[in-house]
Each structure stands twice: as C-alpha cells, then as structure tokens.
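> Got a sequence here, can you build the structure:
(one chain, ligands or ions: 1)
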Amino acid sequence: MNLSWRHRAACQGVDPDVFFPVSDEDAADAKAICGVCPVREACLEYALARRERDGVWGGATERERRRILRQRRKTA
Ligand code: SF4
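Alright, predicted model coming up:
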C-alpha cells in the first residue's frame, strides 16, 4: 500500500493523543486538523482498508468509519 501521502499529513508533529480522543465529542480538535489536511481522503481510505479500530483518521472517528463501511456494504 502506498504510504507517500503520510509525508504531507497535517498531523505531523501534533501530539498523537489528540487523535485518540476518549469520546466522539472530544474528537473536535483532531477533526479540525484533518479538515485542513491535504491527504485526508488517502488517510481515510487507508484506515478503512485496514479496518483501523482506534483513533481519528481522515477526519472520521472509529464509530464514523464503521458507519461508512456499513453504508458502502449496502450500496455495493
Ligand atoms: S487526515 Fe487527519 S489523521 Fe489523516 S493524515 Fe491528515 S491530519 Fe493526519
């Protein structure tokens, strides 16, 4: 899997704790960073493909990623 997008990640150098909020409500800071990240889509697809369980990836929390996967299964 191509990981070159990681070099352009807006979250580089940010405290990783920000991306592992204890609840979806606490995910606002992470989502704000993802919101201006130029590689957001690649990051989200990477997390979805890996069934990444924890943390905010591509602006989506674990619960939101599960929803996206469910949605895709329905429309597949
Ligand atoms: S989308 Fe968010 S988690 Fe993914 S690389 Fe960008 S800033 Fe980091």
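> hey, let's count contacts and neighbours off CA atoms from now on
Noted.
> separation between the residue nearest to the spatial centre of the chain and Asp24?
Among the residues of the chain, the smallest C-alpha distance to the mean C-alpha position (CA atoms, centre = their mean) belongs to Trp57, namely 1.1 Å. Remark: distance between Trp57 and Asp24 (CA to CA, to the nearest Å) = 12 Å.
> Excluding its own residues, what touches stretch 66-76? List them.
Counting by CA atoms under 8 Å, 6 or more residues apart in numbering, stretch 66-76 makes contact with Leu48, all of which sit outside it.
> quick one: it to chain centroid distance?
Distance of stretch 66-76 from the chain centroid (CA atoms, centre = their mean, to the nearest Å) equals 16 Å.
> do the same with stretch 62-74
Here stretch 62-74 shows a centroid-to-chain-centroid distance of 13 Å under the convention CA atoms, centre = their mean.
> just the helices in this protein please.
Taking DSSP state H, the helices of the chain run over residues 28-35, 40-49, 62-75.
> Dump the ones you listed to JSON lines, plus mean neighbour count, mean pLDDT and distance to the ligand.
Compiled in JSON lines, those are given as follows (neighbours: other CA atoms under 10 Å; pLDDT from 0 to 100; distance: least, CA to the nearest ligand atom, whole Å):
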{"stretch": "helix 28-35", "mean neighbour count": "18", "mean pLDDT": "98", "distance to the ligand": "4"}
{"stretch": "helix 40-49", "mean neighbour count": "18", "mean pLDDT": "98", "distance to the ligand": "4"}
{"stretch": "helix 62-75", "mean neighbour count": "13", "mean pLDDT": "96", "distance to the ligand": "12"}
